[in-house]
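*Asks:* please find the sequence and the predicted model below.
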Amino acid sequence: MSEAESPIQLVQHPFVFRLLEVVRSEYIAPHMIRVTLGGDAVHGFRSDAADDGARLFFPPDPTDASWVPEVDGSKLVFAEGMRPPGREFTPRLHDAEAGEVAFDFVVHDGGAASNWAANARPGHYLGCSGPRRSRMLSGQIDGFVLAGDETGLPSIARRLEDLPAGVPVIAVIEVANASEEIALQTDADAQIIWLHRDDTAGDTSNLIADTLRTLEFPAGNIFCWAAGEAGSMRQARRYLLNERGIPEARTRFTGYWKRAVENYDHHLPLDE
């Protein structure tokens, strides 16, 4: 595989809607909650790649299941006025044998997802469609550069766990302060760098990009993945593509949220 070729291979999954029930929830950091879900609908759930996206639906009344949509091909059809807020999240853990899937939520003021997760109790309902597809990596990848904030942390943690022993990887992770760091498991040859926003004067949009500038990347064909606040990801993208010369085909950047913008559409291109 040449540097100009993308290592990403799309694998499509059947479109399914699932009504899941909370099994348990726990804080894994002061502002991050892991909610584990189960129920008969977990059967057949698939999440094959570290950055899969499942759309979760958060009913205002978590004990109510009357809003559940019908599936029409690849669309969800909700009764008028019954569609709850939805956002995409990466499945953090999936245990098919136990019939459980877990998602990590960043808790903050406001927001349907944060409010639902902060109040999640066993038996509460959550809607889930997808993941519709997985972006599998194939071919020769000699090393990885991963970057993101709390919202990208579930994907970064999954990638680190999935990498085989000895593969060189750099992970640059931005959180508010040291108390928000979590334990990460990997057999890879990993350099994990935690960045603390509270120690940064002024705008933090350049925090990740400025840190990447100081690092020696793995040799050979590398794959770069970054996700988090849109402005920060735009800066990281510009640096990696324009200054570092990483071929765009060997990168993936996603702006999951944007400062001071509610309901930000993270599917928008970062270069616009």
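*Replies:* Here it is on my side, so go on.

*Asks:* alpha carbons only: can I get the helix or strand of the chain with the lowest mean pLDDT in PDB?
*Replies:* Lowest on mean pLDDT, DSSP states H and E among the helices and strands of the chain sits strand 251-257, with a mean of 92. Extracted in PDB, the C-alpha atoms of strand 251-257 (Å, rounded to 0.1, in the frame of the first residue of the first chain):
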ATOM      1  CA  THR A 251      -6.100  10.500   8.100                       C
ATOM      2  CA  ARG A 252      -9.500  10.900   9.600                       C
ATOM      3  CA  PHE A 253     -10.700  14.000  11.500                       C
ATOM      4  CA  THR A 254     -14.000  14.700  13.100                       C
ATOM      5  CA  GLY A 255     -15.400  17.700  14.900                       C
ATOM      6  CA  TYR A 256     -17.800  16.200  17.400                       C
ATOM      7  CA  TRP A 257     -18.800  19.600  18.900                       C
END
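
*Asks:* in its sheet, what does it sit against?
*Replies:* strand 222-229 (parallel) (DSSP bridges).

*Asks:* next, the residue lying closest to Gly228 once chain neighbours are set aside: phi, psi?
*Replies:* Leaving aside its chain neighbours, Gly228 sits nearest to Asp149 (3.7 Å; criterion: Cβ to Cβ, 6 or more residues apart in numbering). Where C-beta positions appear, they are placed from N, C-alpha and C, glycine not excepted. Backbone geometry at Asp149, expressed as degrees, to the nearest 10, gives phi -100, psi -160.

*Asks:* do Leu212 as well
*Replies:* According to degrees, to the nearest 10, Leu212 has phi -60, psi -30.

*Asks:* that one and Leu146: what is the separation?
*Replies:* According to Cβ to Cβ, to the nearest Å, Leu212 stands 11 Å off from Leu146.

*Asks:* sec struct for the residue lying farthest from the centre of the chain, please.
*Replies:* Going by Cα atoms, centre = their mean, the residue of the chain most distant from its centre is Glu80, 30.3 Å out. With DSSP: H, G, I helix; E, B strand; the rest coil as the basis, the three-state label of Glu80 is coil.

*Asks:* all set, thanks.
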